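Peer 1: The sequence and its predicted three-dimensional model are supplied below.
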Amino acid sequence: MDHSSSLEKILRSVAITLVLVFFLFPIAWIFLMSLQTNETILSIPPSLAFTPIIDNYTALITGQLRTAAGSLQLNFMQNMFNSVLLSVCSVALSLVLGVPAAYAFARFKFRLGEDIAFTLLSFRFAPALLVLLPLSLYFKTLGLTNTYIGLIWVYQLICLPLILWIVRGYFEDISPDIEHAYRIAGNSWWRTFTRISIPLAKPGIAAAGLLAFIFAWNNFVFALILASADKQPVTVGALAFVTASGIQYGQIAAAIIISITPTLALALYAQRYLVEGLSMGAVKG
Amino acid sequence: MTAAATKMRTPVKQSRFMRRALPYILSLPALLMCIGILIPFFTAVYYSMLRYRMNLPAMKGFIWFDNYINFFTDPKFWNTVYISLTYAFLTVGLELLLGLGIALLLQRPSRFNNIASILLLLPLMTAPALAALMWKLMTHPDFGILSYLLSVVGIQNFKWASDPATALFTVVLVDMWVYTPFIMILLLAGLRSLPKAPFEAAALDGVPRSFVFFRITLPMLMPYIITATLFRLLDSIQQFDIIYAMTQGGPGDKLLVFQVQAYLDFFQATNVGRSAALMVILWAITYALSNVFIKQWLKLRERAHGAH
């Protein structure tokens, strides 16, 4: 396999370079845009020789956006706070709810068990609006529209199935003999679960939690339908930002960079878990 | 010794009831979650059989399957079906080819290849709605870098998503940017998990590489390819974020896929009945697809478990 010609090696490197440029250039370019004034962004031809400024970021953080028409109050940091709150709480809740259920599905063969698991999984693939549109009417009568609680509850739709199915696979890989041995030594079921099973499934729980966080952070449609400006996460907030007239492009770019940094940083920091969750989780279970 | 003895409690006896009930107690939250989804789901099915326009509350009434029957003669509906299927097959087909190509390029586990495959995760971690915004900035007619680069090579006034002729191409491109890495990761994991023996045997016999690829690599990789394809098809036929953030379904009716159309029916035309019927049809499609997918997935999982 190793007698590949030098021509082939060159072609390979060219191909990989092209691939990397296609997938990384947009992020790099938007980052560069976020460091420019509107004047340098609009100059033609575009030039890389500009003096980087951080004004766009300070404007976003202080919430005072300079526009052609004057100063505009736009609280993008509130969107950021919403994103953090919604994602963290949703993942925490679905871990608390999902890990025991995943254990039950993995360890016990019980009626309804497989049915619940399949219903949840098939709804992972159902169109979001199918459930969201009637839900938006229910939320109005229940007073849950534009509340964090309502949103966190709906976010379980994405987080819970993910955690159930990935963590279940990891619990199935743990030999029941280890648990039996600990039980026979006189420990309660609960103690066995928390002291033996959960620590052994930790990589799976980490992978599932990480993926669930990223999916929750990146979600767009739930808050678009069920929340208004003050409760919306960055994904929806950034879009509202663009449609608000007269906003400077550098500030839009800065808002995008701020919004995608947490997930990208997490992905790079914990890529081992992530790849495991994505590939093993989707392929192996 | 005494410390150990106190620790050695008698095994906690569980009543028969507890043993029976435990799995149900543990999965109760998931069960409640199921019910929580099923109620709005059935409401949607019920709405789909209503004449229900929020601006005309007096007309509300049960009309059985009229919303569905009307679709047969509704060119708007067939446009939605056509656009959604085109979008799904184009994105998944192109992503599969590109993803497989990249996976083959990065197959050998070297330091550089591993770093490259990690970097390729980044688009996948970008929120699709924000990715659409990024491409919107890059394809802006006034300052978009891509519009500029095209004008340098002589293509003036390429309008990207605002031109009906190129709108679909533009959103497909964004979809490819976000989701090709997903297919790449799955296929890379698949490629690296293939048994070495058949390849070594083929190399010893001097079998041509195209033959190895089509007769050994591809068939052995097929379960992974099918899983990745079905998974992406399921997502792609429901695409909302990228299209809505990019053009809100425009220009004209060029990008009105199922979910975007249902969203506009609900919030702009306030035609709840039609919107719900559209979603039920989309659900039926995804349900059929997801059943095939889950079966395929479980087969693959069993194989993976057997191999260990």
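Peer 2: Sure thing, it's come through. Every value quoted in this text rests on a predicted model; they were computed, and no experiment measured them.
Peer 1: contact partners of the helix or strand containing B:L122?
Peer 2: Under the criterion of DSSP states H and E, B:L122 resides in helix B:121-125. With CB atoms under 8 Å, 6 or more residues apart in numbering or on different chains as the test, helix B:121-125 has contacts from A:23-24, A:26-27, A:214, A:218, A:260, A:263-264, A:266-268, A:271, A:274-275, B:131, B:177-182, B:185. For the C-beta atoms, the positions are set from N, CA and C on the backbone; glycine is no exception.
Peer 1: Up against chain A, what does the stretch 201-308 of chain B have?
Peer 2: B:203, B:224, B:227, B:231, B:234-235, B:238, B:240-241, B:244-245, B:258-259, B:262-263, B:266, B:272, B:275-276, B:279-280, B:282-283, B:286-287, B:289-291, B:293-294, B:297-298, B:300-301, B:304-305 (CB under 8 Å from any CB of the partner chain).
Peer 1: and those, which are buried?
Peer 2: The neighbour-count test (16 or more other CB atoms under 10 Å in any protein chain shown) applied to those identifies B:224, B:227, B:231, B:234-235, B:238, B:240-241, B:244-245, B:258-259, B:262-263, B:266, B:272, B:275-276, B:279-280, B:282-283, B:286, B:289-290, B:293-294, B:297, B:300-301, B:304 as buried.
Peer 1: Name the nearest residue to the most centrally placed residue in chain A, sequence neighbours excluded.
Peer 2: Chain A has A:I214 as the residue nearest its centroid, 1.6 Å off, counting by CA atoms, centre = their mean. Counting by CB to CB, 6 or more residues apart in numbering or on different chains, the nearest residue to A:I214 once its immediate chain neighbours are dropped is A:T263, at 5.0 Å.
Peer 1: Can you pull the phi and psi angles for A:L121?
Peer 2: Comment: the main-chain dihedrals of A:L121 come out as phi -70, psi -40, following degrees, to the nearest 10.
Peer 1: What is the burial count for it?
Peer 2: Around A:L121 there are 17 other residues, counting by other CB atoms under 10 Å in any protein chain shown.
Peer 1: B:V174 now?
Peer 2: Burial of B:V174, expressed as a neighbour count using other CB under 10 Å, amounts to 28.
Peer 1: so it touches B:M246, yeah?
Peer 2: Yes - the pair B:V174 and B:M246 passes the contact test of CB atoms under 8 Å, sitting 6.7 Å apart.
Peer 1: Please give the element, helix or strand, for the residue in the stretch 151-300 of chain B that chain A sits nearest to.
Peer 2: Residue of the stretch 151-300 of chain B nearest chain A, by CB to the nearest CB: B:A189 (3.6 Å). Per DSSP H and E: B:A189 is located in helix B:167-193.
Peer 1: Report all helices and strands that that helix contacts.
Peer 2: Using 3 or more CB pairs under 8 Å, 6 or more residues apart in numbering or on different chains; DSSP states H and E as the contact criterion, the elements in contact with helix B:167-193 are helix A:6-34, helix B:75-105, helix B:111-119, helix B:121-125, helix B:128-138, helix B:218-236, helix B:241-247.
Peer 1: So, low pLDDT: which residues of the stretch 1-150 of chain A?
Peer 2: In the prediction, the stretch 1-150 of chain A carries residues with pLDDT under 70 at positions A:1-4, A:66-73.
Peer 1: for it, what spans make up the strands?
Peer 2: Counting by DSSP state E, counting those that start in this stretch, the segments of the stretch 1-150 of chain A that form strands are A:64-67, A:70-73.
Peer 1: Compare the helices and strands packed on helix B:167-193 and report which one is nearest to A:F110.
Peer 2: Taking CB to CB, helix B:218-236 is the member of the helices and strands packed on helix B:167-193 nearest to A:F110, at 27.6 Å.
Peer 1: ok, back up a step: give the ChimeraX command for selecting the buried subset of the contacts of helix B:121-125.
Peer 2: The ChimeraX command for the buried members of the contacts of helix B:121-125 (criterion: 16+ other CB under 10 Å) is given here:
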select /A:23,26,27,214,218,260,263,264,266,267,271,274,275 /B:131,177,178,179,180,181,182,185
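Peer 1: any shared contact partners between B:V174 and B:M246?
Peer 2: Joint contacts of B:V174 and B:M246 (CB under 8 Å, 6+ apart) are B:132, B:135.
Peer 1: quick one on the thing from earlier: restricted to helices, list the residues of the stretch 201-308 of chain B next to chain A.
Peer 2: Using DSSP state H to define helices, the subset of these located there is B:203, B:224, B:227, B:231, B:234-235, B:241, B:244-245, B:258-259, B:262-263, B:266, B:272, B:275-276, B:279-280, B:282-283, B:286-287, B:289-291, B:293-294, B:297-298, B:300-301, B:304-305.
Peer 1: Residue ranges in the stretch 151-285 of chain A under the pLDDT threshold?
Peer 2: Scanning the stretch 151-285 of chain A for pLDDT under 70 picks out the ranges A:244-247, A:279-285.
Peer 1: at 90 instead, please
Peer 2: Within the stretch 151-285 of chain A, the stretches with pLDDT under 90 are A:157-158, A:160-192, A:194-196, A:200-204, A:207, A:211, A:228-230, A:237-252, A:266-285.
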